[in-house]
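Visitor: kindly generate the corresponding structure for this input.
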Amino acid sequence: MVRAQCPADPCIVLVGATGALGATVLELIGEHRMRHREIRLVASAQSAGREIPVGGRTETVHDLEEFDFAGADLVLFCAGEAVSRRWVPVAMAEGALVVDASGAFSLHPEVPLVVPSVNDCLLSERPAEVVAVPSGMTVPLTVLLHAVERWRGVRQVVMSTYEAASGLGHQGVEELLEGSELTLRDPEAELPADRFHPALAFNVLPAVDGLQEDGTSREEQRLVQEAQRVLGLPDTDVAVTCVRVPVVSGHGAALFVETAAPVDRPGLVELLASLPDFVVHDREAPGSVPTPLTAGDPDRFHVGRVRVSPRTSRGFMLWLVFDNLRAGGASTLLRIARIALASRASGKRLKNSPC
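Guide: Predicted structure coming up:
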């Protein structure tokens, strides 16, 4: 059944509608995660003309190069940085609120970088024209560190991520699957390596998004800078190694946090369980440790292997896993969009509608 529409609901434009993140956003919108009176789908010319079902209706994909943003209340950018840098100003010029997930504006001083339940107060303090969405890994990291900082203080963070092929969209997944199939048929076969260098199939790549001159990858740099900015702790010592693993979907991370005051394990588990959208898997059985295949609810962040530092108790270790397209991506993006819209409307319905 199609949900009843209200003139006060926003007209949404989704740029990157046919990509992995865009498709997941549409999936959640179809589950009625965000009210709207109209939705317009936009992608490259290659995808223009495709018809995609959204919540009981079929919508046609428009060519971005020819699209008119006039009349849009909310524009969600789920494409790459180059697309956002070119088209976000165009959407803003038409008066739309922009929520960008590309990373193009995540460090821009005038653009709020928001994680719900951590610093979304920024939007109530000053309604924004464009809001940046952090990377999927930044979201659970900052939610966790925000709580620990208030509880025992944070001195140092050491993190290793294990990131799935879907972090590079449909093409990343297709290349992994193609390479895996080729290897199973012929272990000596030359594997495709257009998206991953070298090939990801049956391999582990110790860098995500290319290395810079200082040996840091772009993904590592973005994660550290975003975390420090969201938390408002620019001097926090955060060391990260980002690794790409041959998993279709679902990011993982091993995390060590050194605290300012001693930590007790029962208190830590209680704190973790109280975090919004977190699930603690704390049974002793080995099978209780969450993995991308077994974690469960794709809209929540799953934590296991919670251990307190045995020598000083001033720190702890844990394992984190989550669906990078849903919990770390689309769900967070839509929550930010709802908060930003409400702030922009200043308590009033769009279009001054009484409904």
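
Visitor: residues making contact with stretch 44-58?
Guide: 1-3, 17-18, 26, 29-32, 39, 41, 43, 59-65 (C-beta atoms under 8 Å, 6 or more residues apart in numbering). (C-beta placed from N, C-alpha, C; glycine too.)

Visitor: how far is it from where the chain is centred?
Guide: 23 Å (C-alpha atoms, centre = their mean, to the nearest Å).

Visitor: among the contacts of stretch 44-58, which are in helices?
Guide: 26, 29-30 (DSSP state H).

Visitor: circling back: now list the buried members of the contacts of stretch 44-58.
Guide: By neighbour count, with 16 or more other C-beta atoms under 10 Å, the contacts of stretch 44-58 hold 17-18, 26, 29-30, 39, 41, 43, 59, 61-62, 64 as buried.

Visitor: need those residues in a markdown table with pLDDT and distance to Ala227, can you?
Guide: Output for these, formatted as a markdown table (pLDDT from 0 to 100; distance: C-beta to C-beta, whole Å):
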| residue | pLDDT | distance to Ala227 |
| --- | --- | --- |
| Ala17 | 96 | 29 |
| Thr18 | 96 | 30 |
| Leu26 | 95 | 29 |
| Ile29 | 92 | 28 |
| Gly30 | 86 | 32 |
| Ile39 | 95 | 32 |
| Leu41 | 98 | 32 |
| Ala43 | 96 | 31 |
| Glu59 | 93 | 36 |
| Val61 | 97 | 35 |
| His62 | 97 | 36 |
| Leu64 | 97 | 31 |
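
Visitor: redo these as JSON lines? Include distance to Asp194.
Guide: Below are the buried ones among the contacts of stretch 44-58 laid out as JSON lines (distance: C-beta to C-beta, whole Å):
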{"residue": "Ala17", "distance to Asp194": "23"}
{"residue": "Thr18", "distance to Asp194": "19"}
{"residue": "Leu26", "distance to Asp194": "26"}
{"residue": "Ile29", "distance to Asp194": "31"}
{"residue": "Gly30", "distance to Asp194": "31"}
{"residue": "Ile39", "distance to Asp194": "32"}
{"residue": "Leu41", "distance to Asp194": "26"}
{"residue": "Ala43", "distance to Asp194": "20"}
{"residue": "Glu59", "distance to Asp194": "30"}
{"residue": "Val61", "distance to Asp194": "24"}
{"residue": "His62", "distance to Asp194": "27"}
{"residue": "Leu64", "distance to Asp194": "23"}
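
Visitor: now, those that are in strands?
Guide: Those of the buried ones among the contacts of stretch 44-58 mapping onto strands are 39, 41, 43, 59, 61-62, per DSSP state E.

Visitor: show me the two of those that sit farthest apart.
Guide: Using C-beta to C-beta, the two most remote members of these are Ile39 and Ala43, lying 13.4 Å apart.

Visitor: residue ranges of the strands in this structure, please?
Guide: 11-15, 38-43, 51-54, 57-63, 74-77, 97-100, 130-132, 154-163, 237-244, 251-259, 278-280, 301-308, 315-322.

Visitor: ok, the ones in helices among the contacts of stretch 44-58 vs His170, which is closest?
Guide: Nearest member of the ones in helices among the contacts of stretch 44-58 to His170, counting by C-beta to C-beta, is Leu26, at 13.6 Å.

Visitor: quick check: the closest one touching Gly16?
Guide: No - Leu26 lies out of contact with Gly16 (C-beta atoms under 8 Å); the separation is 10.4 Å.

Visitor: for the closest residue to Leu145 other than its chain neighbours, give me its contacts.
Guide: Nearest non-adjacent residue to Leu145, counting by C-beta to C-beta, 6 or more residues apart in numbering: Val154, 5.6 Å away. Residues counted as contacts of Val154 (C-beta under 8 Å, 6+ apart) are 145, 148, 233, 236, 257-260.

Visitor: same thing with Thr18?
Guide: Counting by C-beta under 8 Å, 6+ apart, Thr18 has contacts 41, 43, 47, 50, 52, 61.

Visitor: same thing with Arg40?
Guide: 11-14, 59, 62, 67, 72.

Visitor: Cys242: what's it in contact with?
Guide: 137, 160-161, 163, 207-209, 217, 219-220, 223.

Visitor: narrow those residues to those in helices?
Guide: Using DSSP H, these in helices are 219-220, 223.

Visitor: redo those residues as TSV? Include distance to Ala337, neighbour count and pLDDT.
Guide: Output for the ones in helices among the contacts of Cys242, formatted as TSV (distance: C-beta to C-beta, whole Å; neighbours: other C-beta atoms under 10 Å; pLDDT from 0 to 100):
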residue	distance to Ala337	neighbour count	pLDDT
Glu219	24	23	94
Glu220	27	22	96
Leu223	22	25	96
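
Visitor: so how far is Leu74 from Leu341?
Guide: As for Leu341, its distance to Leu74 is 6 Å (criterion: C-beta to C-beta, to the nearest Å).

Visitor: if we can go back for a sec, for the ones in helices among the contacts of Cys242, give me a markdown table that also has distance to Thr332.
Guide: A markdown table is the format used below for the ones in helices among the contacts of Cys242 (distance: C-beta to C-beta, whole Å):
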| residue | distance to Thr332 |
| --- | --- |
| Glu219 | 17 |
| Glu220 | 20 |
| Leu223 | 15 |
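
Visitor: how deep is Asp68 tucked in, by neighbour count?
Guide: Using other C-beta atoms under 10 Å, Asp68 has 11 neighbouring residues.
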